[in-house]
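Everything below, folded, please.
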Amino acid sequence: MRASPLRGAAVSGRRAWAELLRLPALFTVPGDALSGAVAAGGRPNPRTLLAIGSSLCLYEAGMALNDWADRAEDAVERPHRPLPSGRIRPSSAFTAACVLTAAGLGLAARAGRPALAVAAPLAATVWAYDLALKHTPAGPVAMAAARGLDHLLGAATTGRPQKALPSAALLGTHTLAVTTVSRRETQGGTSLPPLAALAATATLTGLVARGARGTRRAESTGAGKRTATAIAAGTGTGTATATGTGIATRAGTAIAAGRPTLAPDKPGLTPDMALRTAMAIAYAATAGRRYTHAVLNPSPPLTQRAVGGGVRATIPLQAALAARAGSALTAVAIAALAPLGRKYAKKVSVT
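This next block holds a predicted model:
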């Protein structure tokens, strides 16, 4: 029996919206609020679930708005995308962005005033990035700020969001690295962004594996700040080059193999430390392998794969942050989202 034309059109339409909204990337969102809640010293609660719903809506609003804003550019560089190919009308994408933004703010309001106080600037950052900042030097910083605010949105549901600021900074640094690499995904041609991202991955792996004390020591040296500055600038000169090259030389091979050298704060490996270390290694392996390939061959296909690896690595990083905060159950719940993301990434691109 031949398939009905109407049914075929419906399937095609669902796929087009799945591509527009980057369905596999959606699984990287719940971990922001979950890890934020435990990083703030609390436990996920019904308000945290509302915050997750808000995050999902605002994230998807950003995806729809991104393609609406880039429709002319995509017509040249990515004509297969839903808008330039005509599978989704630009007006529909823009309407979806507006509706999803309103829904996200409404869910945040139901989660409480502290959550809304974070969701409002988060929504503003998403719209500012897509409409004005994406192609400027401030673009990666804005995207990093959005991911950090999403983490704080979950923290706000516990009433102590300021306690989650250090982990929000770590999550934001990872996003800064991924976004900087993504700016070259259609052109390729330079190893500096993936090299800086590889350096950031090695630094973040060590920080989350060592825990809070290690984070404070590293922050006092200013290493994280120098790496983030280098990534934001998209350059590898001076201290940034020394940091990136040194880390990539000493740890790049181990990261690419999924077995970086990690040193706990205290001798002996407790179950909490083992879980935190395992999540940190999973993060390093997921991001580091793709970054290493892009460093060795910065072609557009490998650069795009590096971006995809960086996006997927967000989940084990969130799990590592939750384990670092002492919540093994939350860490495992976040990590369980990774297989779902991989499953759908085989059908729909995350970039």
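
so where's the stretch 1-150 of the chain shaky on pLDDT?
The stretch 1-150 of the chain contains residues with pLDDT under 70 at 1-11.

do the stretch 201-350 of the chain as well
In the stretch 201-350 of the chain (pLDDT under 70), the answer is 211-269.

Neighbours of Arg78, how many?
Burial of Arg78 is recorded as 18 neighbouring residues (other C-beta atoms under 10 Å). For glycine as for every other residue, the C-beta is placed from the backbone atoms N, C-alpha and C.

And the one 10 residues further on, by the same measure?
One way to gauge burial is a neighbour count; for Ile88, by other C-beta under 10 Å, it gives 22.

Report the distance from the longest helix anywhere in the chain to the chain centre.
For the chain, the longest helix by residue count, based on DSSP state H, is helix 271-296. Distance of helix 271-296 from its chain centroid, counting by C-alpha atoms, centre = their mean, to the nearest Å, is 14 Å.

List the buried residues of that helix.
Within helix 271-296, the residues scored as buried using 16 or more other C-beta atoms under 10 Å are 272-273, 275-295.

which secondary structure elements does it contact?
The contact analysis (3 or more C-beta pairs under 8 Å, 6 or more residues apart in numbering; DSSP states H and E) places helix 271-296 against helix 165-182, helix 192-210, helix 238-256, helix 300-312, helix 314-324, helix 328-335.

Between helix 314-324 and it, find me the angle.
Angle, helix 271-296 to helix 314-324, by axes from the mean of the first three to the mean of the last three C-alpha atoms, to 10 degrees: 150 degrees.

In PDB, list the C-alpha atoms belonging to stretch 33-44.
Extracted in PDB, the C-alpha atoms of stretch 33-44 (Å, rounded to 0.1, in the frame of the first residue of the first chain):
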ATOM      1  CA  ALA A  33      18.700  23.700  35.800                       C
ATOM      2  CA  LEU A  34      19.300  20.400  37.500                       C
ATOM      3  CA  SER A  35      23.000  21.000  38.100                       C
ATOM      4  CA  GLY A  36      22.300  24.600  39.000                       C
ATOM      5  CA  ALA A  37      19.800  23.600  41.700                       C
ATOM      6  CA  VAL A  38      22.300  21.200  43.400                       C
ATOM      7  CA  ALA A  39      25.200  23.600  42.900                       C
ATOM      8  CA  ALA A  40      23.200  26.100  45.000                       C
ATOM      9  CA  GLY A  41      23.100  23.700  47.800                       C
ATOM     10  CA  GLY A  42      19.500  22.600  47.300                       C
ATOM     11  CA  ARG A  43      17.600  19.700  45.700                       C
ATOM     12  CA  PRO A  44      15.600  19.600  42.500                       C
END
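
Could you pull out the buried residues of that stretch?
33-40, 42, 44.

How about stretch 91-109?
Across stretch 91-109, burial judged by 16+ other C-beta under 10 Å covers 92-94, 96-97, 100-101, 103-108.

before we move on, the earlier item: which of the helices and strands packed on helix 271-296 sits closest to Arg71?
Minimum separation from Arg71 across the helices and strands packed on helix 271-296 (C-beta to C-beta) falls at helix 165-182, 17.7 Å.

How is Gly189 assigned, secondary-structure-wise?
Using DSSP: H, G, I helix; E, B strand; the rest coil, the structure places Gly189 in coil.

before we move on, what about Pro84?
Relying on three-state DSSP, one would call Pro84 coil.

what's the spacing between it and Ser182?
Note on Pro84: its distance to Ser182, by C-beta to C-beta, to the nearest Å, is 19 Å.

What segments of the stretch 1-150 of the chain are strands?
With strands called from DSSP state E, counting those that start in this stretch, the stretch 1-150 of the chain shows none.

Check the burial of the nearest residue to Gln187 once chain neighbours are set aside by counting its neighbours.
Excluding the flanking residues, the one nearest Gln187 by C-beta to C-beta, 6 or more residues apart in numbering is Pro300, at 6.5 Å. Applying other C-beta under 10 Å, we find 15 residues neighbouring Pro300.

now swap in the one 3 residues further on and tell me
For Thr303, the number of neighbouring residues by other C-beta under 10 Å comes to 29.

what's stretch 64-80 in contact with?
Stretch 64-80 has contacts (C-beta atoms under 8 Å, 6 or more residues apart in numbering) with 20-21, 81-85, 90, 93-94, 96-97, 100, 126-127, 130-131, 134, 186.
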